[in-house]
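**Q** 3D, please:
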Amino acid sequence: MSLLEQIRKDMISSLKDGDKEKNQTLKMILATIKNAQLESSEELKDTDIEKILRKETKKIEDSISQYTQMGRDDLVSKEKADLEIINAYLPELMSDEDVKKIIESKINELGAQDMRDMGRVMGTVMKELDGKADGNTVKNIVQQLLS
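**A** Reported below is the predicted structural model:
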């Protein structure tokens, strides 16, 4: 069963169970996926859907930080619930240690020496990791290793 089919199935079961919050979140996810499908000329794969879900989690995390600064605990709790629902469909990200090992091997492979080589290193590492690690984490580790 594809990721899209699983989300649709869970949306229907949440509607039957009367779980309105989960149902609304899954409807929002399905709408985002459908919009991406309309923009794309080909069928979305599970990896494409995972990228869409990761973008949504970034948006939600930004919202959580904004609402926290504003003192809106009611909205923070709703966003955290949405984040949990979306994260259930995403694979676990690689650990920082594993990411660091891959980056170190790429730095050695490319012969990168300083921050001027950061773009090349980031490009090759992000292609290899492709959604398995957070981009900010990768950036921070590359900066740390190149400086």
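**Q** now the helix or strand that contains Thr137: average pLDDT?
**A** For Thr137, the element it lies in under DSSP states H and E is helix 135-146. Mean pLDDT, computed over helix 135-146, is 84.
**Q** and it, which residues are buried?
**A** Residues of helix 135-146 classed as buried by neighbour count (16 or more other C-beta atoms under 10 Å): Thr137, Val138, Ile141, Val142, Leu146. The C-beta positions use only the backbone N, C-alpha and C, and glycine is treated the same way.
**Q** one more: stretch 91-105?
**A** Met94, Val99, Lys100, Ile102, Ile103.
**Q** nearest the geometric middle of this protein, what residue?
**A** Closest residue to the average C-alpha location of the chain: Arg54 at 2.0 Å, with C-alpha atoms, centre = their mean.
**Q** secondary structure element for that residue?
**A** Applying DSSP H and E, one finds Arg54 within helix 46-70.
**Q** and the buried residues of helix 135-146, which is closest to Glu42?
**A** Among these, Val138 lies closest to Glu42 (C-beta to C-beta), at 27.2 Å.
**Q** gap between that closest one and Asn87?
**A** 19 Å (C-beta to C-beta, to the nearest Å).
**Q** pull the contacting residues for the residue lying closest to Val76 once chain neighbours are set aside.
**A** Leaving aside its sequence neighbours, Val76 sits nearest to Tyr67 (C-beta to C-beta, 6 or more residues apart in numbering; 4.7 Å). Contact analysis of Tyr67 by C-beta atoms under 8 Å, 6 or more residues apart in numbering lists Asp73, Leu75, Val76, Glu79.
**Q** and this protein, what are its domains?
**A** Residue ranges for each domain of the chain read 3-87, 96-146, as given by automatic domain parsing.
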